[in-house]
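Participant: Give me a model of this one.
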Amino acid sequence: MKISHLGLQAFQQTATDLNITLAAENLGLTQSALSQRIAQLEDYLEISLFVREPRGLKLTEAGERLLRFASLNRSLEDELLTELNGAKGELAGTFRLAAYSSVLRSLVIPALADFLRKNPAVHIHFQSHEIADLPKALSTISADAIIMDYQWNKKGITETVLGYEEFVAIESASYETPTDVYLDHSPSDNATEEFFKNQPRAPKKIRRSFMGDVYGIIDGVEKGLGRAIMSRHLIQNHKHIRVLTGYNKYKRPITLHYFEQPYYSKLAQRIFAELEKNIKLG
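Facilitator: Numbers count the residues shown, from 1 in each chain. I've put the predicted structure just below:
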């Protein structure tokens with residue numbers, strides 16, 4: 001039993017885009033030709049790879065397994081070509097790493113900077129996502145690994161806690177600040193809510209204001225636009241922001257997630273090791 005290369009290519013692009021029109025365009029095919037290749041692959045494997053939902057395509061469980069196989073197959077092919085054509089022992093290739101904004105710039109990129117300088121043939125595509133969108137980035141293989149602020153505890157996923165973010169309440173040290181306004185970066189940001197769930201007392205009233213990203217929150221607090229719940233490491237020694245006292249400690253795990261598989265490329269193994277070694281928070 002041998003999987004068609006063209007069928008696998010069509011499936012992988014469609015699984016990445018989750019949109020027939022876009023996948024066909026990216027492959028230079030008509031929608032009809034792409035749909036035919038996927039249908040032939042499904043007939044050959046005797047399984048359904050996609051289900052149609054109002055929002056578009058969704059992978060079936062079998063489709064998710066096939067996508068992981070296709071991704072692993074491509075990684076092994078890239079690694080072999082590097083070993084055949086490159087210098088012996090040289091690391092090369094592309095790795096896609098997705099994380100949430102408060103750790104991507106401050107912890108993840110610095111943790112891998114020295115490794116990237118020493119391995120110029122390695123390319124890491126860093127991606128910043130809302131935490132709620134990170135599981136989808138992994139399940140659709142648009143990222144090879146993700147970093148979230150909780151442990152997913154999902155079957156088939158390997159998890160490594162890299163450190164812990166401590167969250168604190170902050171306000172401007174330079175301007176008078178409204179005590180009932182709390183800045184978050186989007187409606188789905190639950191840092192403020194979860195922080196006060198872990199306190200003996202919560203404010204009677206909270207008005208939320210959204211700043212776009214974590215650095216927008218810090219800027220807003222500095223200018224006196226409101227208070228916020230923020231990772232301590234991001235505002236350490238910030239002379240225009242003060243930490244409010246009288247709250248219980250609240251921490252979240254910085255957790256690396258990737259699919260369990262029988263073999264990991266040398267590049268993936270090194271990246272995981274560098275993250276574990278260099279992210280020290282907690």
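Participant: where does the nearest residue to I47 once chain neighbours are set aside fall, phi/psi-wise?
Facilitator: In this structure, I47 finds its nearest non-sequential neighbour in A62, 4.4 Å apart by C-beta to C-beta, 6 or more residues apart in numbering. For every residue, glycine as well, the C-beta is placed using N, CA and C. Per-residue torsions, A62: phi -70, psi -40 (degrees, to the nearest 10).
Participant: got a list of what A62 touches?
Facilitator: Neighbouring residues of A62 by C-beta atoms under 8 Å, 6 or more residues apart in numbering: L45, I47, S48, L49.
Participant: one more time with 7 Å
Facilitator: Applying C-beta atoms under 7 Å, 6 or more residues apart in numbering to A62 gives the contacts I47, S48, L49.
Participant: measure it to S102 for me?
Facilitator: For A62, the distance to S102 equals 36 Å [C-beta to C-beta, to the nearest Å].
Participant: hmm, back to that, with the contacts of A62 in mind, which one is nearest to P110?
Facilitator: Closest approach to P110 among these (C-beta to C-beta): L49, at 39.3 Å.
Participant: picking that back up, can you tell me how far the residue nearest to I47 is from S48?
Facilitator: 7 Å.
Participant: Which is the succeeding secondary structure element to the helix or strand of the chain with the lowest mean pLDDT?
Facilitator: When each helix and strand of the chain is scored by mean pLDDT, DSSP states H and E, helix 61-85 comes last, with a mean of 80. Downstream of helix 61-85, the next assigned helix or strand under DSSP states H and E is strand 93-99.
Participant: mind checking how far that next one is from the chain centre?
Facilitator: 9 Å (C-alpha atoms, centre = their mean, to the nearest Å).
Participant: ditto for stretch 231-239
Facilitator: Stretch 231-239 sits 23 Å away from the centroid of its parent chain (C-alpha atoms, centre = their mean).
Participant: buried sites along that stretch?
Facilitator: The neighbour-count check on stretch 231-239 (16 or more other C-beta atoms under 10 Å) flags S231, L234, I235 as buried.
Participant: In strands, which of the residues you listed appear?
Facilitator: Secondary structure defined by DSSP state E assigns S231 of these to strands.
Participant: Make JSON lines from the buried residues of stretch 231-239 and add distance to Q12 and pLDDT to it.
Facilitator: As requested, those are exported to JSON lines (distance: C-beta to C-beta, whole Å; pLDDT from 0 to 100):
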{"residue": "S231", "distance to Q12": "36", "pLDDT": "96"}
{"residue": "L234", "distance to Q12": "37", "pLDDT": "96"}
{"residue": "I235", "distance to Q12": "42", "pLDDT": "96"}
